[in-house]
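>>> when you get a sec, could you give me coordinates for this:
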Amino acid sequence: MEIFSVYLNFLTILTILTVVSGVIVLFDSLAFKKRRLAVKGTSEPVIVEYSRSFFPIFLFVLVLRSFFYEGYRIPSGSLEPTLQIGDIILVNKYSYGLHLPVGNKMVLTVGKPQVGDIVVFEWPPNRNIYMIKRVIGVPGDVVEYKNNVLYINEQEAKQQFIAYKLESSGYSVAQKKEDLVGKQHDIFISDKRVARDFRVTVPKGHYFMMGDNRSLSSDSRYWGFMSEDNIVGKAVAIVVSWNSEFFNMRWDRTFNKIQ
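Next up is the predicted model:
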């Protein structure tokens with residue numbers, strides 16, 4: 001399972017540090033600073049000195065990560081071949097709107113996910129866990145899966161065979177190029193794993209999510225639809241990629257735009 005973070009994540013800690021350091025600086029300025037300056041030789045307490053130094057840094061990083069961009073590391077192969085284990089991706093957090101830093105509540109909507117977008121979101125069964133999948137169906141879409149082929153509103157997502165590959169778990173898979181309502185991207189399909197066919201209509205305010213590694217992805221086929229309230233942001237680029245198995249950088253994936 002592609003777990004990105006747990007309850008006490010970096011953003012929560014950063015928010016606490018920003019608030020605490022800001023309160024210390026404000027309280028000192030209002031209650032003690034004038035008295036301290038009036039007494040010659042009185043130095044600023046260490047905790048105030050550190051708070052005054054780090055508060056602007058904490059605030060800058062908090063604003064940047066809450067409303068603009070954040071980085072995530074891909075821990076599983078559910079989106080192979082598009083995203084590989086060890087990819088560090090950049091997520092645009094204002095593609096769909098502005099969120100509060102704690103609680104992920106959207107305070108301003110500026111757009112909606114489209115079919116083909118790769119989205120980071122809070123996992124519906126446990127919102128303390130972050131996941132990443134591709135949007136397959138938006139509200140009102142009829143999504144059907146037959147013999148490993150997708151149909152969106154009766155339109156076939158045509159596939160073109162590329163080659164047989166080994167995915168990260170060691171399974172032999174067929175790599176294919178899929179045309180998902182005009183958006184082309186590569187997918188992995190295992191001929192040895194029985195696909196579960198289905199037909200669903202995406203309800204209002206929800207999305208149907210799937211991994212590109214179709215035979216090895218825990219997605220909406222198993223845990224249901226993703227609510228728009230769970231959206232964190234849109235994955236836009238691979239910043240850097242590290243192959244931990246061979247301890248080397250994948251330079252060819254650096255700064256690649258995510259399709």
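>>> just the helices in this protein please.
10-31, 33-38, 46-67, 220-223 (DSSP state H).
>>> turn those into JSON lines, including mean pLDDT and distance to I189.
Every residue, glycine included, has its C-beta placed from N, CA and C. Supplementary listing: the helices of the chain in JSON lines, determined by pLDDT from 0 to 100; distance: least, Cβ to Cβ, whole Å:
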{"stretch": "helix 10-31", "mean pLDDT": "79", "distance to I189": "35"}
{"stretch": "helix 33-38", "mean pLDDT": "71", "distance to I189": "66"}
{"stretch": "helix 46-67", "mean pLDDT": "76", "distance to I189": "36"}
{"stretch": "helix 220-223", "mean pLDDT": "94", "distance to I189": "14"}
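>>> right, so of those, which gets closest to F208?
helix 220-223 (4.7 Å; Cβ to Cβ).
>>> by contact count, what packs against that closest one?
Contacts defined by 3 or more Cβ pairs under 8 Å, 6 or more residues apart in numbering; DSSP states H and E place helix 220-223 against strand 206-210.
>>> per-residue confidence for the closest residue to E122 other than its chain neighbours?
Nearest non-adjacent residue to E122, counting by Cβ to Cβ, 6 or more residues apart in numbering: N230, 4.2 Å away. Predicted confidence (pLDDT) for N230: 91.
>>> what of A163?
95.
>>> quick one: F255 and V236, what's the gap?
To V236, F255 is 11 Å away according to Cβ to Cβ, to the nearest Å.
>>> so these two - more neighbours on which side?
When F255 and V236 are compared for neighbours, V236 comes out ahead with 16 against 11, by other Cβ atoms under 10 Å.
>>> gap between the residue nearest to the more buried one when sequence neighbours are not counted and S169?
Counting by Cβ to Cβ, 6+ apart, the nearest residue to V236 once its immediate chain neighbours are dropped is N92, at 4.9 Å. With distances taken as Cβ to Cβ, N92 is found 29 Å from S169.
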